[in-house]
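>>> got a sequence here, can you model it:
(one chain, ligands or ions: 2)
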Amino acid sequence: MNTYNTFTFSTVPNIVCETGAAQKLGTLLRQQFPDVKKALLVTDRGFLGTGLIDAPRASLTAAGIQVQTYSDVLADPPEHIVLQAADSARQYGADIVIGFGGGSSMDVAKLISILAGGDQPLSSMYGIGNVQGQRLPLVQIPTTAGTGSEVTPISIVTTGETTKMGVVSPKLYADLAILDASLTVGLPPKVTAATGIDAMVHAIEAYTTRHKKNALSDMLAREALRLLSRNLVVACEDGSNLEARQAMLLGAMLAGQAFSNAPVAAVHALAYPIGGIFHVPHGLSNALVLPHVLRFNAGHAAASYAELADIVAPGAQGSDEARSQSLINAVEELAKRVGIETTLREVGITEADLDRLADDAMLQTRLLVNNPRELQRADARAIYAAAL
Ligand SMILES: NC(=O)c1ccc[n+]([C@@H]2O[C@H](COP(=O)([O-])OP(=O)(O)OC[C@H]3O[C@@H](n4cnc5c(N)ncnc54)[C@H](O)[C@@H]3O)[C@@H](O)[C@H]2O)c1
Ligand SMILES: [Fe+2]
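Ligands and ions are numbered 1, 2, ... in the order given. A predicted model of the protein is given here:
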């Protein structure tokens, strides 16, 4: 795993990382898209209620850009919301789409930009590389420091009742991402914690991915983990600390760049059914299975985990195996310190649910193939049992 294969690396071409940048959204848009006239802001009621979207919206109007706001995004967005949002973009005649919120809003914005820009049905887009046609210009402004969706070519949709499916296509890379910590100061500590751990998982899984590990993603994942592990507790304990918040946003974005090119694996595969069936937020679902998947993988990824331990648990001593254990201890400790749930029982899951979870996890073949250790259904069930 230490020799790199040939690789390709893609990311979003323009990134503004500046506290306060959203206040001048109108100017930023005018610079990059001189001709746009009608912007659709895509967000959810929770973020809309913070009032933090008002000043950026006013700056668009001041720059001569009309604005409509779609604020009906739901967490873990169901397919019907994506279709409804795309309809409203078409009816309005939007010529630019701005995702403004957490991963849910940004993922919906990506699909709106494709659906409103062409006539391919959503049902034919799921999977890797199935998006055709053009999209509308797309800008992403994260308000959680977690998913990295502002720089990923991925959109996650809840299809049917409970299944989470991904649309993965280079066409989903935005034209511009804006990272502004002042938008995240009101994020409650538990959401800060869970989304921050999601970002850490992106970095860890990118670093140990089976097929596409590459030098750029490795570098990004290490720096992401450094920023995230040093700032998560501060951001949870003092939400108004702008420096820690900006560091978290940057860390989450770097992790997003890493895993866009070195994809995530079993932690996410096992987290998705927890989110899909029990409506546990994405970051928390990941946090609940993280130490148990790391333990399962440790024998196959000890050298990489040891390298990450040097970042997350500096001072860890001994063999690769011993330092891997230090990494696992450190992530468990972090989850306890930030006060999120640490067992499946605490989110309402019982022994009787484990078979269904294991069955659903095995459907996530897109992710499971990336895991450093092959994982069978019995392994998935055992990991859920350990997490119970
Ligand atoms: N596209 C990708 O690459 C990618 C990667 C990982 C996860 N995801 C997806 O992203 C979604 C999860 O995104 P998320 O974890 O960012 O959560 P989210 O977007 O679902 O938001 C979670 C909650 O936080 C609130 N919120 C957001 N920003 C806030 C702020 N600044 N202040 C106060 N409240 C705020 C929202 O209103 C919502 O209630 C899932 O659907 C997941 O599958 C996508
Ligand atoms: Fe994630």
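>>> contacting residues around Glu150?
Glu150 is in contact with Val12, Gly99, Met106, Gln140, Ile141, Pro142, Ala174, Ala177, Ile178, Leu179, Met253, Gly256, counting by C-beta atoms under 8 Å, 6 or more residues apart in numbering. Yep, even glycine has a C-beta here, placed from its N, CA and C like the rest.
>>> now do 10 Å
12, 15, 99, 103, 106, 109-110, 138-142, 173-174, 176-179, 249, 252-253, 256-257 (C-beta atoms under 10 Å, 6 or more residues apart in numbering).
>>> in helices, which of those fall?
Secondary structure from DSSP state H places Gly103, Met106, Ala109, Lys110, Leu249, Ala252, Met253, Gly256, Gln257 of these in helices.
>>> what subset of those residues is buried?
Those of the ones in helices among the contacts of Glu150 that meet the buried threshold are Gly103, Met106, Ala109, Lys110, Leu249, Ala252, Met253, Gly256, Gln257, by 16 or more other C-beta atoms under 10 Å.
>>> which ones among those residues also lie next to ligand 1?
By C-beta under 6 Å from any ligand atom, the members of these lying near ligand 1 are Gly103.
>>> tell me the residues of the stretch 1-150 of the chain that contact ligand 1?
So the stretch 1-150 of the chain meets ligand 1 at 44, 46-47, 50, 75-76, 101-105, 107, 143-144, 146-149 (C-beta under 6 Å from any ligand atom).
>>> which single residue in the stretch 201-350 of the chain comes nearest to ligand 1?
Residue nearest to ligand 1 within the stretch 201-350 of the chain: His282 (3.9 Å; C-beta to the nearest ligand atom).
>>> pLDDT at that residue, what is it?
On the pLDDT scale, His282 is placed at 94.
>>> Ile311 too?
As predicted, Ile311 sits at a pLDDT of 97.
>>> by contact count, what packs against the helix or strand containing it?
Using DSSP states H and E, Ile311 sits in helix 282-312. Helix 282-312 is packed against helix 103-115, helix 189-207, helix 215-237, helix 266-278, helix 320-337, helix 377-387, with contacts defined by 3 or more C-beta pairs under 10 Å, 6 or more residues apart in numbering; DSSP states H and E.
>>> what residue ranges in the stretch 1-150 of the chain are flagged as low confidence?
Residue ranges of the stretch 1-150 of the chain with pLDDT under 70: 1-4.
>>> just the helices and strands packed on helix 282-312: most buried one?
Ranked by mean neighbour count, the helices and strands packed on helix 282-312 are led by helix 103-115 with a mean of 29 (mean count of other C-beta atoms under 10 Å).
>>> which residues touch the following helix or strand past that helix?
Later in the chain than helix 103-115, the nearest helix or strand by DSSP H and E is strand 127-128. Applying C-beta under 10 Å, 6+ apart, the set of residues contacting strand 127-128 from outside is Pro153, Ile154, Met165, Gly166, Val167, Val168, Ser169, Pro263, Arg366.
>>> and strand 127-128, which strands flank it?
strand 163-168 (parallel) (DSSP bridges).
>>> the partner strand vs helix 282-312, what angle?
60 degrees (axes from the mean of the first three to the mean of the last three C-alpha atoms, to 10 degrees).
>>> please identify the buried residues of strand 163-168?
Lys164, Met165, Gly166, Val167, Val168.
>>> averaged pLDDT, it. What do you get?
Averaging pLDDT along strand 163-168 gives 89.
>>> centre of the chain to it, how far?
Distance of strand 163-168 from the chain centroid (C-alpha atoms, centre = their mean, to the nearest Å) equals 13 Å.
>>> CA atoms only: put that strand into CSV for me.
Only the C-alpha atoms of strand 163-168 are listed here, as CSV (Å, rounded to 0.1, in the frame of the first residue of the first chain):
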residue,chain,number,x,y,z
THR,A,163,-31.9,3.2,1.1
LYS,A,164,-29.1,5.8,0.5
MET,A,165,-27.9,5.9,-3.1
GLY,A,166,-25.1,8.0,-4.6
VAL,A,167,-24.8,9.9,-7.8
VAL,A,168,-21.1,10.2,-8.6
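>>> renumber starting at 668 from here on
With 668 as the first residue, the last one maps to strand 830-835.
>>> follow-up on the earlier one: correct me if wrong: the residue of the stretch 868-1017 of the chain closest to ligand 1 contacts His869.
No: the criterion here is C-beta atoms under 10 Å, and His949 misses it with His869 at 11.1 Å.
>>> what touches both of those two?
Joint contacts of His949 and His869 (C-beta under 10 Å, 6+ apart) are Gly813, Thr814, His935.
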